[in-house]
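# Pasting the sequence and the predicted model now:
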Amino acid sequence: MNITTIILAAGKGTRMRSQLPKILHKIANKTLLQHVYDMSSTLENNNITIVYGHGADQVRETLKHLDASWVEQKQQLGTGHAVQQVREQFADNDKVLILYGDVPLLKISSINKLLANVDQQTLALLTVKLDNPSGYGRIVRDAGKVKKIVEEKDASADEKLITEVNTGILAVFGGQLRKWLGQLTNNNAQGEFYLTDIIEMAVADGVDVVTSQPETTDEVLGVNNRLQLSHLERVYQLEQANLLMEQGVTLIDPSRFDLRGTIENLGQDIVCDVNVIFEGNNSIGNNVRIGPNTLIINSVIGDNVEIFANCVIENAEIGEGSRIGPYARLRPETVLADHVHIGNFVEIKKSSVAHGSKINHLSYIGDTTVGSKVNIGAGTITCNYDGVNKFRTVIGDGAFIGSDSQLVAPVTIGKNATIGAGSTITKDSPENQLTLSRVKQISIDGWQRPVKQDKLYVWTCRWNRAT
């Protein structure tokens, strides 16, 4: 049987106080709507339709990669009106699932349970009990059976005491939904077409309303303001942290950890200190230790790697047994072989560093091929950019680059060559030789260093001259 999922995503989100449409705000660096889409796309035989409205052009451009039908709701006249825009998108025998683009943490297990309750004689509704139901539509029952949903502004004093509320998430056969959509009116305090009114219509037609509940309340919470967005971000991140710890990862403080993507390959005995952030798709080997305040993006980290505090690693590969940081930055297209040491305040970009090489202090290495067992001293810079073009530096195996050297690309440093400290190298240096460039050192006899004069003495001299 086919499923048609309708994701309602047309609202403005006024309380977000943002120029960005609400559904484009992010949790774990992924838009709210993308979260909902990704969950629903795991259903088999499912056709997804997204009803969008506010910020239409921006929404379509941002999420144009989604495999879905897009229908614009040009006037936002309520949830019922939104679904009316797509009533030709589903067949009578389809199970129609209604979701919301600002409810990002809903789980597929809750949806499967909901869909299991749908047949020709039932409408499935997801409800939840809240200690404070204010603002939500109340589930009104009679002898245990659902009779209707009453919105907050239309509820009586007794109805406002009901703690079971509507999540808005429901499933029903397409033929029944189409019939009820045609009967909707906007005779209510808001002057809107409420989708919830179909519940009372279903009851009048002898269709049972079968309810189910999510595992947690957070699953069905929507985002209407920044506080709610922040709350669901932390809920989501704690879920990710718990999953990783169940797989054997040690997180020193799970509440100070962010996974804004995936870890596709996860080794054993990984330790992450506080404020470690993963973004994009990453792979981590065995026995890896990651220090505090470290950001890792789309990178591959081999076995037995230690990353010290305050490092940024982006689109890089780190070989087995390497040591990085503290305060190191590996920029895109950096590839480190096994047992490489990258030290404090070292930046590497679009470079490969072969086995056993060391760049331990205060250096910039860009557009460079570094051989094996090379030692690059503190303050070394590869001058790879002339303001228009980038050029490459090649450093042969076993080379020793003295501190405070500038290698002006394009240039090649031969195998086992030594570059004297403080040199500016503009020509290729031969293998097995010392190359250096320095101005002549001189000492000036009798030179006097300037000395600061006492302020009282200076003032006295000035007074004497004036008098």
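Arrived safely.

# What helices and strands are in contact with the top helix by length along the chain?
In terms of residue count, the longest helix belonging to the chain (DSSP state H) is helix 226-246. Where contact means 3 or more Cβ pairs under 8 Å, 6 or more residues apart in numbering; DSSP states H and E, helix 226-246 is packed against strand 26-27, strand 250-251, strand 257-266. No exception for glycine: its C-beta is placed from N, CA and C like everyone else's.

# Quick one, which of these gets closest to Leu238.
Closest to Leu238 of the helices and strands packed on helix 226-246 is strand 257-266 (Cβ to Cβ; 8.7 Å).

# That closest one pairs with which strands, parallel or anti?
strand 276-284 (parallel) (DSSP bridges).

# Tell me the helix or strand right after the partner strand.
Sequence order places strand 289-290 as the next helix or strand after strand 276-284, per DSSP states H and E.

# how does the chain divide into domains?
For the chain, automatic domain parsing gives the domain ranges 3-220, 226-435.

# what residues does the worst-scoring helix or strand of the chain on mean pLDDT touch?
Across the helices and strands of the chain, mean pLDDT, DSSP states H and E gives its lowest value to helix 455-466, namely a mean of 70. Here helix 455-466 makes contact (Cβ atoms under 8 Å, 6 or more residues apart in numbering) with no residue beyond itself.

# same check, this time on stretch 241-249
Here stretch 241-249 makes contact (Cβ under 8 Å, 6+ apart) with 251, 254-255, 257, 259, 263, 266, 268-272.

# Out of these, give me the one that has the most neighbours.
Top of the contacts of stretch 241-249 by neighbour number is Cys272, holding 27 neighbours under the definition other Cβ atoms under 10 Å.

# Tell me which two in the contacts of stretch 241-249 are the farthest apart.
Largest separation among the contacts of stretch 241-249 by Cβ to Cβ: Ser255 and Gln268, giving 23.4 Å.

# where in the chain is pLDDT low?
Along the chain, segments meeting pLDDT under 70 span 457-459, 467.

# quick one: the longest helix of the chain to strand 257-266, angle?
Angle, helix 226-246 to strand 257-266, by axes from the mean of the first three to the mean of the last three Cα atoms, to 10 degrees: 40 degrees.

# May I see the contacts of stretch 241-249 arranged in TSV, with distance to Val288 as well?
Listed next are those as TSV, based on distance: Cβ to Cβ, whole Å:
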residue	distance to Val288
Leu251	13
Pro254	18
Ser255	21
Phe257	15
Leu259	15
Ile263	11
Leu266	10
Gln268	10
Asp269	8
Ile270	5
Val271	7
Cys272	9
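
# Distance check, Gln75 against Ala143.
Distance, Gln75 to Ala143, by Cβ to Cβ, to the nearest Å: 40 Å.

# same thing with Leu63?
Counting by Cβ to Cβ, the gap from Leu63 to Ala143 is 45 Å.

# Including distance to Thr460, could the domains of the chain go into JSON lines?
As requested, those are exported to JSON lines (distance: least, Cβ to Cβ, whole Å):
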{"stretch": "domain 3-220", "distance to Thr460": "64"}
{"stretch": "domain 226-435", "distance to Thr460": "45"}
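
# from the middle of its chain, how far away would the longest helix of the chain be?
Taking Cα atoms, centre = their mean, to the nearest Å, the mean C-alpha location of helix 226-246 is offset from the chain mean by 12 Å.

# Number the residues from 20 up from this point.
With the count now opening at 20, the last piece we talked about shows up as helix 245-265.

# for stretch 102-114, the distance to its chain's centre please.
Centroid displacement of stretch 102-114 relative to its chain, using Cα atoms, centre = their mean, is 34 Å.

# Stretch 364-377 too?
Distance of stretch 364-377 from the chain centroid (Cα atoms, centre = their mean) equals 27 Å.

# How about stretch 153-160?
Worked out by Cα atoms, centre = their mean, stretch 153-160 lies 34 Å from the chain centre.

# And the contacts of that stretch?
With contacts defined as Cβ under 8 Å, 6+ apart, stretch 153-160 is touched by 144, 146, 149, 165-171, 174, 178-179, 181, 183-185, 187, 215, 230.

# Show me where this protein has its helices.
Counting by DSSP H, the helices of the chain are 51-59, 75-81, 98-103, 127-134, 193-200, 216-223, 245-265, 474-485.

# Tell me which of those lies nearest to Ile361.
Distance to Ile361, taken as Cβ to Cβ, is lowest for helix 245-265 among the helices of the chain, at 25.4 Å.

# Check which residues of the closest one are buried.
Buried residues in helix 245-265, counted by 16 or more other Cβ atoms under 10 Å: 248, 251-252, 254-256, 258-260, 263.

# Select, from these, the two members most distant in space.
Between any two of these (Cβ to Cβ), the greatest distance is 22.8 Å, for Leu248 and Leu263.

# So in terms of bridging, what pairs with Lys148?
Glu183.

# what residues are up against it?
Contact analysis of Lys148 by Cβ under 8 Å, 6+ apart lists 182-184, 232.

# sorry, back to before: out of the helices of the chain, which is closest to Val307?
Comparing these by Cβ to Cβ, helix 245-265 comes nearest, at 12.6 Å.

# Spatially central residue in this structure, please.
Nearest to the mean C-alpha position of the chain, by Cα atoms, centre = their mean, lies Asn48 at 2.4 Å.
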